[in-house]
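**Student:** Whatever this is, show me its structure:
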Amino acid sequence: MVIISHDAASSRRRLVVPALVAALVLAPLAAVPAVAHEPAAALVVEPGTGEVIAPDETDATTPDVADVVIAPATDPVIVGEARVGGTLSVSSDPWGPEGVELAVSWYADGTLLDGVVGSDLALPPALVGARVHAELVGSLPGAEPVTRVTAATDPVVEGTVAGPDPVVEGAAAVGSTVVAVVDWGEDVALTYRWLRGGVPVDGALDAAYTASPADEGRELVVEVTGTRAGYATRTSSSAPVTVAAGTLLPQVPVVTGTARVGATLVASPGTWSPSATFSYQWRRGTTAIGGATGVSYVPSAADLGQQLSVVVTGTSPGYAPREAASAATAKVVAGVLIAPMPVVSGTARVGSRLTVGAGSWTAGTRLAYQWSVGGAKVTGATGATFTPRVADRGKTVIVTVTGTNAGYTTRAVTSKATAKVADGVLAPGAVKISGTARVGSVLKVTAGTWTPKPTLSYQWKRNGVAIKGATKTSYTLAVADHGKRITVTVTGRATGYTARSATSAATAGVVRAFVRTVVPVIAGTAQVTKTLTVRPGAWSPAATFGYQWKRNGVAIPGATRSTYKLVAADQGKKITVTVTGKRAAWVTASRTSAATAAVKAPPRPSRTTPVSTWNCPSWAPIKGNRNSMIYHVPGGRYYAATKPEECFTTAAAARAAGYRASKNG
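**Tutor:** This next block holds a predicted model:
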């Protein structure tokens with residue numbers, strides 16, 4: 001500490017400096033750079049006391065004042081972290097003597113920082129990487145200024161963006177907007193990224209974020225990155241918030257249409273925010289109507305006198321379902337039946353059925369019918385059809401259709417009148433002829449079933465021409481009918497109906513039996529290999545004949561000519577032939593011949609082969625030797641020793657074959 005003292009006797013001012021300070025003053029200032037100043041009056045140190053005596057200008061007997069020396073107590077140092085945004089301060093013990101004024105200059109990498117004064121230095125971004133030191137200059141009137149320089153700091157590093165982690169403000173619900181709130185200073189540039197369940201949301205890069213349906217029930221976090229020149233980039237995340245379902249904003253639905261049974265009411269849900277999918281429930285008073293869940297509703301009889309409303313439920317992904325109810329309708333009034341004019345189809349004639357087409361009435365309507373003829377109701381005529389009677393001829397017909405349906409006003413509509421009822425038309429039956437179309441045969445007619453049942457009359461015809469007197473249900477074919485086709489016409493008559501005729505199909509041409517037929521005769525020998533011939537005889541009139549040969553009464557396949565050659569299968573059998581005579585318009589007739597005797601075996605040949613090496617057949621005992629052309633007869637000398645090569649029935653047959661008799665018999 002610098003102590004200032006005054007000596008009253010000598011009228012001199014003394015500075016009392018502690019020994020350590022005096023030593024520093026008197027010692028060379030090697031650590032402080034020399035600063036050139038004009039010389040000041042020298043300080044005088046009084047021997048033995050260590051006092052520095054400053055000459056008093058008013059003291060003429062001693063030097064005026066010794067030169068004053070400014071002495072820092074210690075070397076100054078820089079206090080604080082060399083980081084952008086931080087503050088460096090010069091720390092220095094007081095300088096002596098009292099009254100020393102200090103001026104501080106700051107340097108970065110040896111370059112004076114213009115305009116920066118004072119003992120504190122706020123580190124700007126421009127100083128990143130620079131080493132900073134301070135220069136202190138002490139000055140005092142009458143003393144040489146003294147300069148001291150601090151040691152340089154480490155290189156200035158980037159600052160740290162400071163402030164609390166970001167916070168998500170707002171209601172975290174689908175459709176609502178939340179905002180990231182960050183307080184890191186005005187000079188910090190901020191960027192944002194929103195994450196859903198830890199995964200970045202595409203395009204969500206603003207401070208504000210509107211939750212979508214995909215966010216419902218998921219954790220939402222905002223990641224904020226701050227950048228500032230000279231500061232390290234900082235990225236911090238907010239605490240997660242869970243996104244709740246959104247709240248739909250409905251409109252009150254409106255019911256359009258007339259509140260009347262059978263009329264259609266339509267619900268209009270209006271515009272909801274956001275858009276939604278709607279379901280409907282119609283109510284009768286305050287009670288839900290079972291199954292009435294469509295956008296439209298047709299009031300039924302149960303709704304008569306009641307008020308109706310509809311509850312619309314809107315759903316949208318990410319939003320809680322929301323209901324909105326319409327205002328009640330007026331009380332439901334009775335419906336008006338759809339009642340088209342009935343149409344009568346059919347011809348207005350006796351016995352011909354008329355049918356009413358009622359058209360399409362309101363669904364569920366029960367219909368009743370009443371037919372009237374000539375303006376008078378017909379008792380019992382209450383069906384969908386009516387058949388005019390004989391008594392109705394010359395009158396018109398109408399039908400009234402009455403519809404009833406619960407909840408609707410009963411309604412009756414009447415058809416247009418038909419034309420006047422005309423005579424009926426009989427419906428004939430199927431007229432058919434039975435019997436054989438042959439002269440002398442009886443043909444009969446069946447008239448079938450006629451509607452209504454009439455009185456019937458008959459007329460037989462020959463090739464379309466009426467046969468005189470043939471007016472009964474049967475007819476015997478006469479010779480005059482030979483070769484003709486016969487039909488019969490049946491005529492029906494009934495009161496109130498126009499007479500009606502129906503004609504049968506024509507018969508085949510009427511045929512006639514042959515006047516004369518003849519039993520055929522078989523000529524020829526009844527022996528296998530022989531040919532038989534049939535003689536049919538003279539028929540009247542002449543006929544064309546067909547033949548069928550038979551073996552014991554059974555037809556022989558393929559044997560259909562006038563001749564037949566007997567075969568081995570016929571042996572022992574009796575043969576007949578049936579002759580069939582045909583002629584156009586004549587009855588085909590058949591006659592069968594008398595049977596032949598049993599067919600004999602075929603005649604044996606005069607020459608044959610041996611039956612064994614040594615023997616001929618018994619019926620051809622003559623042995624022939626072809627090498628010698630000699631024949632042997634039974635009983636001959638060499639007969640038994642001869643091997644036959646041919647056998648003959650007689651010696652004459654052998655000789656005829658060129659053989660000669662054996663000399664030895």
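**Student:** Going by C-alpha atoms from here, please, whenever you check contacts or count neighbours.
**Tutor:** Will do.
**Student:** Pass me the low-pLDDT residue ranges in this structure, would you?
**Tutor:** Residues of the chain that meet the criterion pLDDT under 70 lie in 1-67, 665.
**Student:** roughly how far apart are the residue positioned nearest the centre of it and residue 210?
**Tutor:** Note on the chain: the residue nearest the mean C-alpha position is residue 277, at 22.2 Å, using Cα atoms, centre = their mean. When distance is defined by Cα to Cα, to the nearest Å, residue 277 is 21 Å away from residue 210.
**Student:** same check, this time on residue 650
**Tutor:** Counting by Cα to Cα, the gap from residue 650 to residue 210 is 140 Å.
**Student:** cool, and residue 369?
**Tutor:** 69 Å.
**Student:** of these two, who's got more company?
**Tutor:** residue 369 (21 against 14; other Cα atoms under 10 Å).
**Student:** What helices and strands are in contact with the helix or strand where that one lies?
**Tutor:** Assigned by DSSP states H and E, residue 369 belongs to strand 366-373. Applying 3 or more Cα pairs under 8 Å, 6 or more residues apart in numbering; DSSP states H and E, one finds that strand 366-373 contacts strand 397-404.
**Student:** Tell me the strands beside the strand it packs on, with direction?
**Tutor:** Using DSSP bridges, strand 397-404 pairs in its sheet with strand 366-373 (antiparallel), strand 411-414 (antiparallel).
**Student:** So for stretch 631-642, first residue to last residue, what's the gap.
**Tutor:** Termini of stretch 631-642 sit 9 Å apart (Cα to Cα).
**Student:** can you pull the buried residues of that stretch?
**Tutor:** 631, 632, 633, 639, 642 (16 or more other Cα atoms under 10 Å).
**Student:** Stretch 173-193 too?
**Tutor:** Applying 16+ other Cα under 10 Å to stretch 173-193 flags 173-176, 178-182, 184, 188, 190, 192-193 as buried.
**Student:** same thing with stretch 640-650?
**Tutor:** 642, 643, 644, 645, 646, 647, 648, 649, 650.
**Student:** hey, what's the fifth one bridged with?
**Tutor:** Here residue 646 shows beta-bridge partners residue 624, assigned using DSSP bridges.
**Student:** Now for it: which residues touch it?
**Tutor:** For residue 646, the contact set (Cα atoms under 8 Å, 6 or more residues apart in numbering) comprises 607, 608, 609, 610, 616, 623, 624, 625, 626.
**Student:** now the third one
**Tutor:** Counting by Cα under 8 Å, 6+ apart, residue 644 touches 610, 613, 614, 615, 616, 623, 624, 625.
**Student:** was I right about residue 335 contacting residue 410?
**Tutor:** No. Counting by Cα atoms under 8 Å, residue 335 does not reach residue 410; the two are 9.5 Å apart.
**Student:** which of the two has more neighbours?
**Tutor:** The residue with more neighbours, out of residue 335 and residue 410, is residue 335; 22 against 16, by other Cα under 10 Å.
**Student:** Farthest pair within the buried residues of stretch 631-642?
**Tutor:** Between any two of the buried residues of stretch 631-642, the greatest separation by Cα to Cα is 10.4 Å, found for 633 and 642.
**Student:** Which residues are in contact with each of the two?
**Tutor:** residue 623.
**Student:** just to revisit the earlier point, just the strands paired with strand 397-404: most buried one?
**Tutor:** Ranked by mean neighbour count, the strands paired with strand 397-404 are led by strand 366-373 with a mean of 19 (mean count of other Cα atoms under 10 Å).
**Student:** What pairs with the longest strand seen in the chain, parallel or antiparallel?
**Tutor:** With secondary structure taken from DSSP state E, the chain has its longest strand at strand 219-228. Looking at strand 219-228 with DSSP bridges, its partner strands are strand 189-196 (antiparallel), strand 231-237 (antiparallel), strand 241-242 (antiparallel).
**Student:** Make JSON lines from those strands and add distance to residue 485 to it.
**Tutor:** JSON lines is the format used below for the strands paired with strand 219-228 (distance: least, Cα to Cα, whole Å):
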{"stretch": "strand 189-196", "distance to residue 485": "105"}
{"stretch": "strand 231-237", "distance to residue 485": "117"}
{"stretch": "strand 241-242", "distance to residue 485": "107"}
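**Student:** For residue 518, which of the ones you listed is the nearest?
**Tutor:** Per Cα to Cα, nearest to residue 518 of those: strand 189-196, 121.6 Å.
**Student:** Pull the residues that contact the closest one.
**Tutor:** Outside strand 189-196, the residues that touch it by Cα under 8 Å, 6+ apart are 200-201, 204-207, 209, 215, 218-228.
**Student:** now it, how far from the chain's geometric center?
**Tutor:** Centre-to-centre, strand 189-196 and its host chain are 45 Å apart (Cα atoms, centre = their mean, to the nearest Å).
**Student:** Name the next helix or strand following it along the chain.
**Tutor:** According to DSSP H and E, the helix or strand after strand 189-196 is strand 199-200.
**Student:** Partner strands of that following strand, with direction?
**Tutor:** The strands beside strand 199-200 in its sheet (DSSP bridges) come out as strand 189-196 (antiparallel).
**Student:** Skipping its backbone neighbours, what lies nearest residue 437 in space?
**Tutor:** residue 510 (4.7 Å; Cα to Cα, 6 or more residues apart in numbering).
**Student:** doesn't residue 480 make contact with that neighbour?
**Tutor:** No. Assessed by Cα under 8 Å, residue 510 is found out of contact with residue 480, at 9.5 Å.
**Student:** Name the residue in these two with the higher neighbour count.
**Tutor:** In this view residue 510 and residue 480 are compared by other Cα under 10 Å, and residue 510 has more residues nearby, 25 against 10.
**Student:** Contacts only, for the more buried one.
**Tutor:** 437, 438, 439, 477, 481, 482, 483, 484, 485, 486, 585.
**Student:** Quickly note the distance from the fifth one to residue 572.
**Tutor:** Look at residue 481 and residue 572: by Cα to Cα, they are 50 Å apart.
**Student:** Next: the first one.
**Tutor:** Residue 437 sits 44 Å away from residue 572, going by Cα to Cα.
**Student:** just the fourth one next, same as before
**Tutor:** Residue 477 is 48 Å from residue 572, where distance means Cα to Cα.
**Student:** These two: which has the busier surroundings?
**Tutor:** Ranked by neighbour count (other Cα under 10 Å), residue 477 and residue 572 place residue 477 first, with 21 against 17.
**Student:** So for stretch 104-114, what gets flagged as buried?
**Tutor:** Taking 16+ other Cα under 10 Å as the criterion, stretch 104-114 shows 104, 105, 106, 107, 108 as buried.
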